[in-house]
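*Asks:* One predicted model, sequence on top.
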Amino acid sequence: MSGSPLEPYLDASLSYVAYGAARALGGPRAASCKARLYADGRINGIIAELNDWPGTVLSSHRSARQCFHKLALLADLGIEADHPGMKTVIGKVLEHRDGNGVPLLPMRIGEGHGGTGETARAWALCDAPTTLYALITMGYRDDGIVQAVEYLAGRRQGQAWGCVVSEALGSWRGPGKKADPCPYATLIMVKLLLAFDPERYAGAITDGAGELLRLWAHSLTEHPYIFYMGNDFRKLKLPFIWYDVLHVVEVLSRIPALRSSKAFTEMLGVVCGYELAGGGFIPGSVYQEFNGWDFGQKKAPSEWLGLRVALIRARL
């Protein structure tokens with residue numbers, strides 16, 4: 001892949017940036033970069049933290065402290081199921097699953113938000129797809145995961161996915177009309193299906209992605225479940241936790257048929273418009289949970305942010 005936008009990142013100072021570039025490019029350097037990644041104390045610190053899975057009772061799906069988001073971060077950084085510390089973590093993730101194979105997390109929804117106020121093991125379409133995506137991206141599959149993906153894929157309402165939760169959460173759902181598609185649930189379901197089997201789920205992927213593109217085209221008037229595509233949405237932010245422009249572009253860039261669409265081109269233009277004159281990207285927004293990482297500050301270019309944009313460009 002001579003002349004690739006990824007080549008400058010092969011000699012990055014950060015292990016996960018160098019490995020991300022080497023893995024995408026292929027070649028003999030990937031093995032040594034992977035070894036360096038696996039020895040990274042900061043990465044192993046997150047793995048150690050996940051030994052306490054599932055962590056605190058889930059009350060906010062947007063919180064960067066949630067273990068299921070950190071599991072997905074590890075997958076995106078390049079950690080696979082063969083990492084010596086991951087066997088125990090994966091075992092704990094899969095210890096509690098419902099009859100459809102969907103991983104369960106302890107949740108507490110207050111009565112004022114339509115819940116019971118009691119803690120229950122449950123899932124929602126704003127957590128389960130991310131947990132499954134992380135496991136699949138790490139290279140782990142079993143019959144329960146296959147069953148779970150099939151079940152969640154079948155919970156579409158029309159072209160996309162709405163606010164769907166397990167029976168344990170009763171009638172609770174996010175703020176919005178029940179018939180509306182949920183932009184975030186749709187985004188991470190498309191992401192999950194792309195990681196699992198893009199050919200088998202091609203129709204669902206295209207339909208869900210089409211809804212995300214449509215929402216961009218109507219971003220001034222449509223805000224289902226109070227998901228806006230305004231100023232905050234357009235800031236560059238990592239990791240891929242919530243509903244923002246880089247996350248959406250990352251997922252949609254994996255669908256070749258949609259890359260030439262007007263909406264995708266416009267969103268890509270927003271992302272690339274932040275590039276500095278000398279190259280590189282500075283995060284426009286950060287999660288305080290990661291303020292010690294290069295993508296957790298807003299003063300200097302982030303190597304990992306630059307790599308993520310380069311990976312998108314390499315697909316086009």
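*Replies:* It's in.
*Asks:* pLDDT weak spots in the stretch 201-316 of the chain?
*Replies:* By pLDDT under 70, the stretch 201-316 of the chain contains no weakly predicted segment.
*Asks:* surely F240 meets E250?
*Replies:* Yes - contact between F240 and E250 holds when scored by Cβ atoms under 8 Å: they sit 6.4 Å apart. Where C-beta positions appear, they are placed from N, C-alpha and C, glycine not excepted.
*Asks:* didn't G230 look like it was pressed against S219?
*Replies:* Yes - taking contact to mean Cβ under 8 Å, the distance of 7.4 Å between G230 and S219 places them in contact.
*Asks:* In terms of neighbours, single out the busier of the two.
*Replies:* S219 (17 against 9; other Cβ atoms under 10 Å).
*Asks:* Next, the contact list for that one, please.
*Replies:* Listed by Cβ atoms under 8 Å, 6 or more residues apart in numbering, the contact set of S219 reads 228-230.
*Asks:* Could you report the distance from it to L305?
*Replies:* Computed as Cβ to Cβ, to the nearest Å, the S219 to L305 distance reads 23 Å.
*Asks:* And for Y140?
*Replies:* Distance, Y140 to L305, using Cβ to Cβ: 27 Å.
*Asks:* before we move on, what about R259?
*Replies:* For R259 relative to L305 (Cβ to Cβ), the value is 21 Å.
*Asks:* These two: who's more crowded?
*Replies:* L305 (22 against 15).
*Asks:* So what's the gap between the one helix or strand that one maps to and the chain middle?
*Replies:* Assigning secondary structure by DSSP states H and E places L305 in helix 303-315. Relative to its parent chain, helix 303-315 has a centroid offset of 15 Å by Cα atoms, centre = their mean, to the nearest Å.
*Asks:* What lies in contact with that helix?
*Replies:* Counting contacts by Cβ under 8 Å, 6+ apart, the residues touching helix 303-315 from outside are 1, 4-6, 8-9, 12-14, 16-17, 20-21, 24, 236, 238, 246, 249-250, 253-254, 259, 268, 271-272, 275, 279-283, 293-295.
*Asks:* Next one: F233 from R313, what distance?
*Replies:* Using Cβ to Cβ, we find F233 at a distance of 21 Å from R313.
*Asks:* Which one of the two is surrounded by more residues?
*Replies:* With other Cβ under 10 Å as the criterion, F233 and R313 differ in neighbour count, and F233 comes out ahead with 22 against 15.
*Asks:* which ones are touching the more buried one?
*Replies:* The neighbourhood of F233, defined by Cβ under 8 Å, 6+ apart, consists of 243-245.
*Asks:* Same question for E289.
*Replies:* E289 touches 64-65, 296, counting by Cβ under 8 Å, 6+ apart.
*Asks:* which stretches of the stretch 51-200 of the chain form helices?
*Replies:* With DSSP state H, counting those that start in this stretch as the criterion, the stretch 51-200 of the chain has helices at 67-77, 86-93, 128-137, 143-153, 183-196.
*Asks:* tell me what the second one is packed against?
*Replies:* Of the remaining helices and strands, those touching helix 86-93 by 3 or more Cβ pairs under 8 Å, 6 or more residues apart in numbering; DSSP states H and E are helix 128-137.
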